[in-house]
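**Student:** after the sequence you'll find the predicted model.
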Amino acid sequence: MNYFLVKSEPFKYSWDQFLKDKQTFWDGVRNYQARNNLKDMKKGDLVLFYHSNEGKEVVGIAKVIKESYQDPTTTDDRWVVVDLAPLEALKQPVSLQTIKDDELLKDTALVKQSRLSVMPLKAAEFDRIIALGNAE
């Protein structure tokens, strides 16, 4: 299993909307590195959902339910989407500042490549963010 993080501006597509929709295709990616990360996603992989710009925090966990295919919002065949479904919200959001301050997480792509919208995570990074988000 692989682990990823995707970013969405909550005014464009929020975690709450994702929960209402029950699934979505992850579209609009127009960066080659992010696109390649979408192509690396396999059915069943786990994905953290991050609110960018407003909030700047990880808010939930999703899973890949369909692997990459042509982005239906464009005729340009360079771009792909994956289908995601929400699994659960974190008990408490994990802020970008918390991630930056954490010894295990300070070198993640979220910190080092802040403009990247789709990024891989190591299992230990994923687990640490989940632990921070589900701490009592």
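**Tutor:** Happy to help now that I have it. Numbers count the residues shown, from 1 in each chain.
**Student:** residue boundaries of the strands in the protein?
**Tutor:** Counting by DSSP state E, the chain has these strands, from start to end: 3-8, 24-25, 46-51, 57-70, 80-95, 118-121.
**Student:** any idea which of these is most buried?
**Tutor:** For the strands of the chain, average neighbour numbers computed from mean count of other CB atoms under 10 Å are highest in strand 46-51, which has a mean of 23. Glycine gets a C-beta too; all of them are placed from N, C-alpha and C.
**Student:** nearest to Ala131, of the strands of the chain?
**Tutor:** In this view, those are compared for proximity to Ala131 by CB to CB, and strand 80-95 is the closest at 9.3 Å.
**Student:** by how many degrees do the closest one and strand 57-70 diverge?
**Tutor:** Between the direction of strand 80-95 and that of strand 57-70, the angle (axes from the mean of the first three to the mean of the last three CA atoms, to 10 degrees) works out to 170 degrees.
**Student:** partners of strand 80-95 in the sheet?
**Tutor:** When sheet partners are counted by DSSP bridges, strand 80-95 sits next to strand 24-25 (antiparallel), strand 57-70 (antiparallel).
**Student:** show me the contacts for the residue lying closest to Met119 once chain neighbours are set aside.
**Tutor:** Nearest in space to Met119, with sequence neighbours left out and distances taken as CB to CB, 6 or more residues apart in numbering, is Ala109 at 3.9 Å. Listed by CB atoms under 8 Å, 6 or more residues apart in numbering, the contact set of Ala109 reads 5, 116, 119-121.
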